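Visitor: Sequence plus the predicted model coming up.
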Amino acid sequence: MTTSARGSGDGQGGPLSSNAVASDDAGRVATRRERVAGILQRAGALVVLLAVTIVASLVFGGRFASVDNFLNILEASSFLGLVAVGMTFVIIGGGIDLSVGSLLALSAVLAAYGSQYGSVVAVALPLFVCGLIGLVNGLLIARARMAAFIATLATLLFARGLAFAVSDEGNTIFHIKAGLVVSALGQESLLGIRLPVVIAATVFLAGWLALTRSRYGTAVTAIGGSEDASRLMGLPIARVKVAMYLVSGLLAGLAGLLVAARSSSGQSTIGVGLELQAIAAVVIGGTLLTGGAGSIAGTLAGVLLLNVINNVINQVGTLSSYFQQVVSGIFLIVVVLVQRYLSREQRLVSEDQNRGQP
């Protein structure tokens with residue numbers, strides 16, 4: 001009887017043990033798939049950036065792969081990068097900001113206009129006005145419950161109209177006199193690197209720390225993932241949203257200030273379509289348009305990728321600059337399709353893991 005019972009126990013334990021091993025193996029495979037999908041979603045832009053840079057270096061040689069050219073790419077990326085940092089927080093938080101291009105133009109005009117009263121006014125005036133408009137965006141969206149698309153579209157029109165009004169419908173171009181401190185922000189260098197690049201790098205670092213190491217960044221991600229769940233968690237949704245759009249407005253104003261300082265003038269016609277470039281850079285960098293996931297490092301890779309592509313097109317010489325928009329559009333479509341696929345893979349993996357749990 002004892003032998004029979006032991007044999008019966010072995011007969012039952014064998015299949016159970018095999019099932020447990022199979023379940024563990026399936027769980028490991030599912031976890032590996034989920035990890036790979038996450039890495040591709042976060043680092044895809046960086047991989048493509050490295051590939052394009054290597055290929056361009058091999059094809060164009062020293063014309064592309066030179067310190068001066070790389071510094072030019074960084075300087076061209078700094079203005080879009082500043083705007084894209086603010087846009088990253090907005091999109092991760094589940095919103096959108098269409099006003100940043102017009103805010104950049106308004107900031108450039110106000111900086112050049114204010115320079116006749118000194119550098120302090122030239123810096124403070126555009127930042128104050130753009131920050132105020134960003135604050136209005138946040139209040140309209142968070143407090144008045146207006147759709148982000150409509151609210152920021154309205155301020156897009158307002159800011160562009162104000163820029164034209166200050167510049168007499170674009171007929172007056174204000175110039176920044178040489179020698180003013182504000183000019184140094186766009187034209188001077190630090191250790192051989194232009195100040196706009198240094199400022200943009202500082203903002204990217206601050207944005208990365210805020211998103212990954214602060215309660216504010218955690219709240220932004222949570223709100224973008226599920227506003228209802230965030231409300232149940234007791235997060236200050238309205239305050240976080242207002243802060244998102246305030247920062248976005250300030251960074252657009254800073255970018256416009258640096259553009260004016262770089263060119264020693266402010267024009268009301270610049271920045272058209274910049275909001276779309278910023279959105280493209282952020283999405284190409286792996287941030288989900290639906291919100292709840294994204295990274296500052298990915299946005300940096302997206303910004304650099306767009307400007308490297310533009311630089312490569314200029315190296316070819318026979319292609320129109322508008323071809324860069326065609327390439328950017330193709331990249332955006334491919335990235336969104338890949339994001340949808342990876343999100344679906346992660347969802348299926350999670351469902352398989354939940355189904356396998358006892």
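Guide: Happy to help now that I have it. Numbers count the residues shown, from 1 in each chain.
Visitor: now stretch 266-286, how far from the centre of its chain.
Guide: Stretch 266-286 sits 10 Å away from the centroid of its parent chain (C-alpha atoms, centre = their mean, to the nearest Å).
Visitor: Could you do stretch 99-112 as well?
Guide: Chain-centre distance of stretch 99-112: 19 Å, with C-alpha atoms, centre = their mean.
Visitor: go on, stretch 125-143?
Guide: Between the centre of stretch 125-143 and the centre of its host chain there is 19 Å, according to C-alpha atoms, centre = their mean.
Visitor: How about stretch 95-111?
Guide: The chain centroid and the centroid of stretch 95-111 are separated by 16 Å, computed with C-alpha atoms, centre = their mean.
Visitor: Could you pull up phi and psi at G93?
Guide: The phi/psi pair for G93 (degrees, to the nearest 10) reads phi -80, psi 0.
Visitor: Ok, the one 4 residues further on next?
Guide: With angles defined as degrees, to the nearest 10, D97 sits at phi -130, psi 100.
Visitor: What's the first helix or strand after the helix or strand harbouring A252?
Guide: Secondary structure assignment for A252, by DSSP states H and E: helix 237-263. For helix 237-263, the following helix or strand on the C-terminal side (DSSP H and E) is strand 265-266.
Visitor: Could I get the full set of strands for this protein?
Guide: In order along the chain, the chain carries the following strands (DSSP state E): 174-175, 189-190, 193-194, 265-266.
Visitor: winner for burial among those strands?
Guide: For the strands of the chain, the stretch with the most neighbours on average is strand 265-266, a mean of 25; neighbours defined as mean count of other C-beta atoms under 10 Å. Every residue, glycine included, has its C-beta placed from N, CA and C.
Visitor: What lies in contact with it?
Guide: The set of residues that contact strand 265-266 without belonging to it, under C-beta atoms under 8 Å, 6 or more residues apart in numbering, is 108-113, 167, 173-176, 256, 260.
Visitor: can you do 10 Å?
Guide: Where contact means C-beta atoms under 10 Å, 6 or more residues apart in numbering, the residues beyond strand 265-266 that reach it are 105-115, 122, 126, 163, 166-167, 172-176, 256-257, 259-260.
Visitor: Mind giving me the ChimeraX command for buried ones among these?
Guide: The buried residues among the contacts of strand 265-266 can be selected in ChimeraX (16 or more other C-beta atoms under 10 Å) with this line:
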select :105,106,107,108,109,110,111,112,113,114,115,122,126,163,166,167,174,176,256,257,259,260
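Visitor: In helices only, show me the contacts of strand 265-266.
Guide: Using DSSP state H, 105-114, 122, 126, 163, 166, 256-257, 259-260 are the members of these that sit in helices.
Visitor: shaky segments in this structure?
Guide: Regions of the chain meeting the criterion pLDDT under 70 cover residues 1-43, 318-321, 339, 342-358.
Visitor: now the helices for it?
Guide: Listed in chain order, the helices found in the chain under DSSP H are 2-60, 67-92, 100-114, 119-142, 148-166, 181-187, 195-213, 215-225, 227-232, 237-263, 274-284, 296-316, 323-356.
Visitor: What is the distance between the second one and the centre of its chain?
Guide: Offset of helix 67-92 from its chain centre (C-alpha atoms, centre = their mean): 9 Å.
Visitor: ok, now the fourth one?
Guide: Relative to the chain's own centre, helix 119-142 is displaced by 20 Å; criterion: C-alpha atoms, centre = their mean.
Visitor: could you check the angle helix 237-263 makes with it?
Guide: With axes from the mean of the first three to the mean of the last three C-alpha atoms, to 10 degrees as the basis, helix 119-142 and helix 237-263 are set at 150 degrees to each other.
Visitor: Also the fifth one?
Guide: Inter-element angle recorded for helix 148-166 and helix 237-263: 40 degrees (by the same axes, to 10 degrees).
Visitor: Buried residues, helix 148-166. List them.
Guide: By neighbour count on 16+ other C-beta under 10 Å, the buried set for helix 148-166 is 148, 151-152, 154-156, 158-160, 162-164, 166.
Visitor: can you redo those residues as a markdown table with distance to V100?
Guide: Putting these into a markdown table (distance: C-beta to C-beta, whole Å) gives the following:
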| residue | distance to V100 |
| --- | --- |
| A148 | 13 |
| A151 | 13 |
| T152 | 8 |
| A154 | 14 |
| T155 | 10 |
| L156 | 8 |
| F158 | 13 |
| A159 | 9 |
| R160 | 11 |
| L162 | 15 |
| A163 | 13 |
| F164 | 17 |
| V166 | 18 |
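Visitor: what's the farthest-apart pair in these?
Guide: Farthest-apart pair in the buried residues of helix 148-166 is A148 and V166; separation 26.4 Å (C-beta to C-beta).
Visitor: List of residues touching stretch 62-75?
Guide: The contact list for stretch 62-75, computed with C-beta under 10 Å, 6+ apart, reads 53-60, 81, 186, 189, 192-198, 200-201, 258, 262, 304, 307-308, 310-312, 314-315.
Visitor: Are any of those buried, and if so which?
Guide: Applying 16+ other C-beta under 10 Å to the contacts of stretch 62-75, the neighbour count classes 53, 56, 60, 81, 186, 194-198, 200, 258, 262, 304, 307-308, 310-312 as buried.
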